[in-house]
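Peer 1: give me coordinates for this.
(one chain, ligands or ions: 1)
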Amino acid sequence: MKNLKKLIIITGPSGVGKGTVVKQLLDSKKDIWLSISATTRNPRMGEKDGVNYYFISDEKFKDMVDKKEFLEWAQFAGNYYGTPLSTVNEKIESGFIVLLEIEVEGAKQIKEKFPEALSIFLLPPSDEELEKRIRNRGTEKEEAIKMRLRRAKYEIASSDRFDFVLTNYHVDETVKRIFEIIKS
Ligand code: 5GP
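Peer 2: This next block holds a predicted model:
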């Protein structure tokens, strides 16, 4: 892969607001492209294949792992998630800043392999606020919420491995900080 300075990883626990921050980054700048991940989890209501994710089977996922078609991949709350390598390469080569919105294990894998990629960890204002955000989203059943909250504690403990750690109090402020980071 070339020009990894153009690869930006947004990571942090589920519910911290990565999706909202990323959406605002994409709306404000045309030369940013968001990588579409592959996952084995079922689509939520309103999610579309090829738009939110590529929804694929466990077999297909394993096959892609074997063929080394992922830049990184990880298991999260009972499902697999991975970043398809070929499109990331193509977009970087055609001049885009490529954003990855991924969980912490995958982000660590990329940082180890490609330290020049820029990584930003989003922290929730508090544990209580994180739980509130996950619950208010209303997309997960109780068991999945508990799994995500347990995982969040472990993920937050590795926040210091990343280049920048931002507490996501308000989306606007966080997005402004990210643009400052990108410019510098
Ligand atoms: P969700 O099921 O809520 O869409 O995503 C669960 C977690 O997986 C989120 O933290 C999300 O950022 C992360 N995720 C989404 N795509 C990928 C990916 O390609 N790789 C990794 N490692 N994590 C991902």
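Peer 1: how about the residues of this structure by the ligand?
Peer 2: 14, 18, 37, 41, 72, 74, 76, 81-83, 101-103, 105-106 (CB under 6 Å from any ligand atom). Where C-beta positions appear, they are placed from N, C-alpha and C, glycine not excepted.
Peer 1: from those residues, which land in strands?
Peer 2: 72, 74, 76, 81-83, 101 (DSSP state E).
Peer 1: lowest pLDDT pick from those residues?
Peer 2: Lowest pLDDT among these: Phe76, with 93.
Peer 1: give the closest residue to it in space, chain neighbours not counted.
Peer 2: Glu103 (5.0 Å; CB to CB, 6 or more residues apart in numbering).
Peer 1: can you pull the contacts of that neighbour?
Peer 2: 11, 14, 74, 76, 81, 155 (CB atoms under 8 Å, 6 or more residues apart in numbering).
Peer 1: looking at it, Arg135 is touching Ile145, isn't it?
Peer 2: Yes - counting by CB atoms under 8 Å, Arg135 does reach Ile145; the two are 6.5 Å apart.
Peer 1: more neighbours, these two?
Peer 2: More crowded of Arg135 and Ile145, by other CB atoms under 10 Å: Ile145, with 18 against 14.
Peer 1: I'd assumed the more buried one was in a strand, is it?
Peer 2: No - Ile145 is assigned helix when assessed by DSSP: H, G, I helix; E, B strand; the rest coil, not a strand.
Peer 1: how near is it to the ligand?
Peer 2: Using CB to the nearest ligand atom, to the nearest Å, one obtains 11 Å as the distance from Ile145 to the ligand.
Peer 1: was I right to think that residue contacts Arg137?
Peer 2: No - counting by CB under 8 Å, Arg137 is not a contact partner of Ile145; they are 9.3 Å apart.
Peer 1: tally of neighbours for the residue of the chain found nearest the ligand?
Peer 2: Per CB to the nearest ligand atom, Gly106 is where the chain lies closest to the ligand, at 2.3 Å. Applying other CB under 10 Å, we find 23 residues neighbouring Gly106.
Peer 1: my read: it touches Thr83, true?
Peer 2: Yes - judged on CB under 8 Å, Gly106 makes contact with Thr83 at a distance of 7.0 Å.
Peer 1: overlap in contacts of these two?
Peer 2: 72-73, 100.
Peer 1: per-residue pLDDT, the nearest residue in space to Phe96 that is not next to it in sequence?
Peer 2: Sequence neighbours aside, Trp33 is the residue nearest to Phe96 in space, at 4.1 Å (criterion: CB to CB, 6+ apart). Trp33 carries a pLDDT value of 95.
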